[in-house]
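Colleague: Model the structure of this input:
(2 chains)
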Amino acid sequence: MKNALYYKSKKIFTNTLIHIFLISVAITCLYPLLWMIVSSLKTQEMIFKDISLIPRQFHFENYVLAWSQGGFGRNFINSITYTVAVVFGIVIVSSMAAYAFSRLRFPGHRVLFFMFMAAMMIPIPGSFVALYVLLNKLHLRNTPIGYILCMINVGLSTSIFLLKTFFDKMPKELEDAARIDGCSKLGIWRHVALPLAKPVLAVVVVFNALAVWNEYILALIIFDNRQFMPLQVALQTFQGEFVTNYPLLMAGLTITALPIILVYLLMQKYIIKGVTQGALVG
Amino acid sequence: MKIKDTVENYIFVLPAVVIFSIFFIIPFVWVFQLGLFEWDGISVSKIFVGLNNFKEIFFQDVNWWRSMWNASYVTIIALTFQNILAFLLAWACDREIRMKNFYRVLFFIPPVLSEVVVGMVWRFIINHIDGANIINRTLIGIGLPQLAHNWLSDPQTALTAVSIVHCWKGFGWGFLIFLAGLQTIPRELYEAARVDGANSWQSFKKITIPLMIPVVVLVAILTVLGTMQVFVLIVSLVGGEFAGHTSVPVLRILASMRGSSRFGYACAQGITFGLVLVAISFIQYRFSKKER
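Modeller: Have a look, this model is predicted:
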């Protein structure tokens, strides 16, 4: 009897310790975010005087100022446009290619697929230098379309890999039925393969959306004008211009971070699945 | 009919191949080409200098190797501190415990945020002695005011502060991968060990660690590749290279390109750095093969 009690209390004790450990790390995860949001609602004077996490007054006008005067409205719309355009492009281009690599046969399909996979493995840290030169030659530098095309390329290999793995496991019977009904290859891709691939497409969409929204280096070298910049790069420019205006900066950061956090909380099932799958495959 | 079929099949891969050729293969080839030239990025003529750029990197460029050392320093902290923390958290979450999913969701918030946001918020938190800096306030509060200072503008502490913030942003990745790995270990193994009289430390040492080695190597490779290329976080935390105290290879490449307009040299630096990264991950991979 004494033994059972001993083990039970020992278990409660270790579990409590574990929870304290986990909760303290969880607080460090949340604290900077809360701090950012709270500071975006204070005035410049209060930001250093009052360090509590509940402001006495809520200054929502900081957001209006950041949106119009700080110019983040423009950059927010840019970020949304780039993210939507790139993700749409990646979904179409990579799902067509992945479907072909999985189902259709043509000379060179192995070599081409290998090329995409090799690109996934090789780190080339200097490639942005050459990309800059190339875009200059094509007159695509400092244009949204140049940035969008570059970013479609960035997400291509991994998306093709994920989708091909899915198509390889997909049963062929449905496609055969569609073919007998007189469906063209493009029709089968559009009406049979894509609808079936929805769970993988969700992973592809979420990961690429996060990547484009958070992208920095290409946007930095491609855009000179702030009117084309996405939020990440514009924030740096803003910090350079309004060094000390913390509430506006924090409002800008909140505008940048909140959409990502919302998407993450809504889609976290797919994100966690994507991370663990991608990792254990590789 | 056969030819029409093949052409049709090519149409499926055509958009992907075109985009990939223009925006990946051409720049890839150009990096190697430009590395052999001295070129300011504007003028029509490029001067062929052979391997001189590489010679300069290896024998003269002290700043380059300093930036390599700085990146290695951040990487070593990430490999140890960040990954041990991630492993402990994953191990704690792997057992029967309440709110498991709650923790999992929270721990992955820092990795989904951009480095710009993370850097700027942390800079705001740790960059002032008075006011917002909760760390300095705590130090003053517990009677150690001499330790409280501006962590990011002191050359002694700037790089370490960057490393800690980097770990904060990155441990969620390792945590998720470790947790997924731990969950593939069959529970029966632990039960069999307990029946045989093993305590939890013994079963951790004899079951968990050996079975997790492939996952540990994977996380280590990902950590090295990711951390060596860190730079956005440094720009948004410190503002730049800070007279070399926080310079890292990617910032050096950017400086060669934009600062001193030496495009060829920037490409040569990129190639050198890329080869180092490939070599490191290859060694780690081989090492894991031997261990097994």
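Colleague: Look up which helix or strand residue 26 falls in, please.
Modeller: If you meant another chain, say so; for now it's chain A. Secondary structure from DSSP states H and E places residue A:26 in helix A:2-39.
Colleague: You answered for a different chain; I wanted chain B.
Modeller: Using DSSP H and E, residue B:26 sits within helix B:26-34.
Colleague: Toward the C-terminus, what is the element adjacent to that helix?
Modeller: Downstream of helix B:26-34 (by DSSP H and E), the next one is strand B:37-38.
Colleague: Check which helices and strands that next one sits against.
Modeller: Packing contacts for strand B:37-38, counted by 3 or more Cβ pairs under 8 Å, 6 or more residues apart in numbering or on different chains; DSSP states H and E, involve strand B:47-48, helix B:263-291. From N, CA and C alone the C-beta is placed, and that goes for glycine too.
Colleague: Grab the nearest non-local neighbour of the one residue in the stretch 101-250 of chain A that gets nearest to chain B.
Modeller: In the stretch 101-250 of chain A, the residue that lies nearest chain B is residue A:126 (1.5 Å; Cβ to the nearest Cβ). Once flanking residues are discounted, residue A:126 sits nearest to residue B:270: 1.5 Å by Cβ to Cβ, 6 or more residues apart in numbering or on different chains.
Colleague: Whether the helix holding residue A:26 contacts chain B - can you check?
Modeller: Yes. Contact of helix A:2-39 with chain B (Cβ under 8 Å from any Cβ of the partner chain) involves A:15, A:18-19, A:21-22, A:25-26, A:28-33, A:35-36, A:39.
Colleague: okay, and for the stretch 151-282 of chain A, where does confidence drop off?
Modeller: Within the stretch 151-282 of chain A, the stretches with pLDDT under 70 are A:242-243, A:278-282.
Colleague: if you set the cut-off to 90 instead, what comes out?
Modeller: Counting by pLDDT under 90, the stretch 151-282 of chain A has low-confidence residues at A:170-185, A:199, A:225-226, A:236-249, A:267-282.
Colleague: who in it is up against chain B?
Modeller: With the criterion set to Cβ under 8 Å from any Cβ, the stretch 151-282 of chain A comes near chain B through A:152-153, A:156-157, A:160, A:185, A:189, A:210, A:213-214, A:216-217, A:221, A:232, A:235-236, A:239, A:246, A:249-250, A:253, A:256-257, A:260-261, A:264-265, A:268, A:271-272, A:275-276, A:279-280, A:282.
Colleague: what's the residue closest to the geometric middle of chain A?
Modeller: Closest to where the C-alpha atoms of chain A average out (Cα atoms, centre = their mean) is residue A:210, at 0.7 Å.
Colleague: Packing partners of whatever helix or strand that one lives in?
Modeller: Secondary structure assignment for residue A:210, by DSSP H and E: helix A:198-214. If contacts are counted by 3+ Cβ pairs under 8 Å, 6+ apart, helix A:198-214 sits against helix A:72-103, helix A:144-169, helix A:231-241, helix A:246-281.
Colleague: Residue B:112 is in contact with the residue nearest to the centre of chain A, correct?
Modeller: Yes. Using Cβ atoms under 8 Å, residue A:210 makes contact with residue B:112 at a distance of 5.9 Å.
Colleague: any common contacting residues for the two?
Modeller: When Cβ atoms under 8 Å, 6 or more residues apart in numbering or on different chains defines a contact, the residues bordering residue A:210 and residue B:112 alike are A:260, A:264, A:271.
Colleague: Who wins on neighbours among those?
Modeller: Counting neighbours by other Cβ atoms under 10 Å in any protein chain shown, residue A:271 leads those with 23 neighbours.
Colleague: Thought residue A:264 was touching that one, still the case?
Modeller: Yes. Counting by Cβ under 8 Å, residue A:264 is a contact partner of residue A:271 at 6.3 Å.
Colleague: related to what we said a few turns ago, which of the helices and strands packed on strand B:37-38 has the lowest average pLDDT?
Modeller: Ranked by mean pLDDT, the helices and strands packed on strand B:37-38 bottom out at helix B:263-291, with a mean of 87.
Colleague: Buried residues of that one, list them for me.
Modeller: Judged by neighbour count (16 or more other Cβ atoms under 10 Å in any protein chain shown), helix B:263-291 contains these buried residues: B:263-274, B:276-277, B:280-281, B:284, B:288.
Colleague: again with stretch B:169-176
Modeller: Buried, per 16+ other Cβ under 10 Å, within stretch B:169-176: B:169-176.
Colleague: Would you mind trimming these to those in range of chain A?
Modeller: Applying Cβ under 8 Å from any Cβ to the buried residues of stretch B:169-176, those adjacent to chain A are B:173, B:176.
Colleague: Looking at the buried residues of stretch B:169-176, spot the one nearest residue A:170.
Modeller: Nearest to residue A:170 among the buried residues of stretch B:169-176, counting by Cβ to Cβ, is residue B:176 at 26.6 Å.
Colleague: Wasn't the closest one part of a helix?
Modeller: Yes. Checked against DSSP: H, G, I helix; E, B strand; the rest coil, residue B:176 lies within a helix.
Colleague: contacting residues for it?
Modeller: Here residue B:176 is in contact with A:272, A:275-276, A:279, B:90, B:104, B:107-108 (Cβ under 8 Å, 6+ apart).
Colleague: Return the distance of the nearest residue to residue A:58 once chain neighbours are set aside relative to residue B:199.
Modeller: Excluding its sequence neighbours, the residue lying closest to residue A:58 (Cβ to Cβ, 6+ apart) is residue A:41, at 4.8 Å. Noted for residue A:41: a distance of 52 Å to residue B:199, by Cβ to Cβ, to the nearest Å.
Colleague: Which one's more surrounded, the two?
Modeller: Using other Cβ under 10 Å, the more surrounded residue of residue A:41 and residue B:199 is residue A:41, with 21 against 10.
Colleague: I'd assumed that one was in a strand, is it?
Modeller: No. Counting by three-state DSSP, residue A:41 is not part of a strand but coil.
Colleague: lowest-pLDDT helix or strand in chain B?
Modeller: When the helices and strands of chain B are scored by mean pLDDT, DSSP states H and E, helix B:134-141 comes last with a mean of 75.
Colleague: chain center to that one: distance?
Modeller: 30 Å (Cα atoms, centre = their mean, to the nearest Å).
Colleague: That helix: which residues count as buried?
Modeller: Neighbour-count burial for helix B:134-141, with 16+ other Cβ under 10 Å as criterion, is recorded at B:136, B:139-140.
Colleague: quick one: which of those residues is nearest residue B:155?
Modeller: Once Cβ to Cβ is applied, the member of these that ends up nearest residue B:155 is residue B:136, at 17.9 Å.
Colleague: Extract the C-alpha trace of the least confident helix or strand of chain B and format it as PDB.
Modeller: Provided in PDB are the C-alpha atoms of helix B:134-141 (Å, rounded to 0.1, in the frame of the first residue of the first chain):
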ATOM      1  CA  ILE B 134      12.700  43.000 -18.700                       C
ATOM      2  CA  ILE B 135      16.000  41.200 -18.400                       C
ATOM      3  CA  ASN B 136      17.800  44.200 -17.200                       C
ATOM      4  CA  ARG B 137      15.000  45.100 -14.800                       C
ATOM      5  CA  THR B 138      15.200  41.600 -13.300                       C
ATOM      6  CA  LEU B 139      19.000  41.900 -12.900                       C
ATOM      7  CA  ILE B 140      18.600  45.200 -11.200                       C
ATOM      8  CA  GLY B 141      15.700  43.800  -9.100                       C
END
